[in-house]
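*Asks:* Any chance you could fold what I've pasted below:
(one chain, ligands or ions: 1)
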Amino acid sequence: MKFLSYIKEEIEVIKERDPAIKSDWEVFLYPSFKAILKYRKAHKQYLKGHYLRARWISQRAARKTGIEIHPGATIGKGLFIDHGSGVIIGETAILGDNITLYQGVTLGGTGKEHGKRHPTLEDNVMVSAGAKVIGSFTVGKNSKIGAGSVVLEEVPPNCTVVGVPGRIVRMGDERVPRYDMDQVHLPDPVLNDIRELQSDNMRLRRKIHDMEKNIRCLTSSELVSGELKIDEEMKKEKMKS
Ligand SMILES: CC(C)(COP(=O)(O)OP(=O)(O)OC[C@H]1O[C@@H](n2cnc3c(N)ncnc32)[C@H](O)[C@@H]1OP(=O)(O)O)[C@@H](O)C(=O)NCCC(=O)NCCS
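*Replies:* Presented below is the predicted three-dimensional model:
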């Protein structure tokens with residue numbers, strides 16, 4: 001009875017998320033269906049401490065489906081893995097409800113951590129084709145990870161992350177400005193210095209131009225008296241030295 005209701009639930013999940021499905025029977029052909037069924041079996045064995053049996057079930061499923069789910073992973077309801085090939089879910093990964101993963105997704109560890117090494121995905125997270133989510137951080141609920149991204153840091157809820165390394169490009173309904181994710185035009189200290197010198201140069205040229213204008217406006221007598229004053233000051237300075 002429990003098994004039947006599980007199958008019904010799986011049919012609904014796959015129909016809801018894959019528009020390509022035409023009939024309920026096709027569900028049995030989905031690698032996602034097989035892999036999750038085997039994962040549930042393996043996870044029970046894992047929780048009882050039958051680690052070898054658990055790994056045996058999961059490795060057989062991995063060979064048949066291309067989806068390797070470690071029996072120690074914790075997975076909620078409504079997981080859907082589209083296409084399936086090359087999906088890896090690590091031992092300490094935690095997946096909430098209604099998660100969608102595409103082919104080539106890795107929920108892995110960095111190799112540097114101990115204990116909890118794999119990510120936690122909260123409810124309704126979608127991880128697109130080929131994306132790698134690596135480390136023991138959390139991806140907040142309703143967030144999307146773009147195809148081919150490599151996510152190495154915590155992601156708040158309702159965000160879209162793309163790129164390598166992953167950058168937030170959307171938070172809720174707000175787009176995050178593109179310059180925040182510009183990884184090519186990094187700050188250049190030499191260019192900054194040149195720009196500063198250029199603006200100093202402009203300022204000085206403007207000052208000289210103003211001074212020239214003022215000099216042209218002076219009358220000849222003012223110029224003569226100005227010259228005399230300068231001569232006197234120069235003489236005084238010579239006397240002092
Ligand atoms: C991330 C994704 C889900 C779109 O999410 P979204 O919140 O609607 O984001 P948008 O489409 O508004 O894109 C936001 C920005 O990120 C960029 N972007 C989107 N996906 C990207 C990706 N995978 N890599 C790099 N940049 C990406 C967009 O060009 C856009 O840039 P802009 O702001 O300069 O215009 C989608 O692009 C994606 O990657 N889908 C793949 C689904 C999949 O795996 N399908 C396989 C089926 S077999």
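*Asks:* ok, which stretches of this protein are helices?
*Replies:* Here the chain has its helices, by DSSP state H, at 2-17, 31-47, 51-65, 189-217, 220-240.
*Asks:* Let's see the second one as PDB, backbone CA atoms only.
*Replies:* Taking C-alpha atoms only, helix 31-47 is exported to PDB below (Å, rounded to 0.1, in the frame of the first residue of the first chain):
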ATOM      1  CA  PRO A  31      16.200   6.800 -14.300                       C
ATOM      2  CA  SER A  32      15.100   9.300 -11.600                       C
ATOM      3  CA  PHE A  33      12.300   6.900 -10.600                       C
ATOM      4  CA  LYS A  34      14.600   3.900 -10.300                       C
ATOM      5  CA  ALA A  35      17.400   5.800  -8.600                       C
ATOM      6  CA  ILE A  36      15.200   7.300  -5.900                       C
ATOM      7  CA  LEU A  37      13.400   4.000  -5.300                       C
ATOM      8  CA  LYS A  38      16.700   2.300  -4.700                       C
ATOM      9  CA  TYR A  39      18.000   5.200  -2.600                       C
ATOM     10  CA  ARG A  40      15.000   4.800  -0.200                       C
ATOM     11  CA  LYS A  41      15.900   1.100   0.200                       C
ATOM     12  CA  ALA A  42      19.600   1.800   0.600                       C
ATOM     13  CA  HIS A  43      19.000   4.600   3.100                       C
ATOM     14  CA  LYS A  44      16.900   2.300   5.300                       C
ATOM     15  CA  GLN A  45      19.900  -0.200   5.400                       C
ATOM     16  CA  TYR A  46      22.300   2.700   6.100                       C
ATOM     17  CA  LEU A  47      20.200   3.900   9.000                       C
END
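*Asks:* could you check the angle helix 51-65 makes with that helix?
*Replies:* Angle, helix 31-47 to helix 51-65, by axes from the mean of the first three to the mean of the last three Cα atoms, to 10 degrees: 170 degrees.
*Asks:* which one of the helices of the chain is the most hemmed in?
*Replies:* The highest mean neighbour count among the helices of the chain, using mean count of other Cβ atoms under 10 Å, belongs to helix 31-47: a mean of 19. C-beta coordinates here come from the backbone N, C-alpha and C atoms, glycine included.
*Asks:* Can that one be said to contact the ligand?
*Replies:* No. If you take Cβ under 6 Å from any ligand atom as the test, helix 31-47 misses the ligand, and the best it gets is 12.6 Å.
*Asks:* And the residue nearest the centre of this protein?
*Replies:* Gly166 (2.2 Å; Cα atoms, centre = their mean).
*Asks:* Find the nearest non-adjacent residue to it, please.
*Replies:* Val151 (3.8 Å; Cβ to Cβ, 6 or more residues apart in numbering).
*Asks:* got a list of what that neighbour touches?
*Replies:* Neighbour list for Val151: 119, 131-134, 139, 145, 161, 165-166 [criterion: Cβ atoms under 8 Å, 6 or more residues apart in numbering].
*Asks:* near the ligand, which residues of this structure?
*Replies:* So far as Cβ under 6 Å from any ligand atom goes, the chain lies against the ligand at 83, 102, 128-129, 144, 146-148, 160, 162-163, 169-170, 175, 178.
*Asks:* From those residues, which land in strands?
*Replies:* The subset of the residues of the chain next to the ligand located in strands under the criterion DSSP state E comprises 144, 160, 162, 169-170, 175.
*Asks:* rewinding a little: can you turn the buried part of the contacts of Val151 into a PyMOL selection?
*Replies:* Buried residues within the contacts of Val151, by 16 or more other Cβ atoms under 10 Å, are selected in PyMOL with:
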select buried, resi 119+131+132+133+134+139+145+161+166
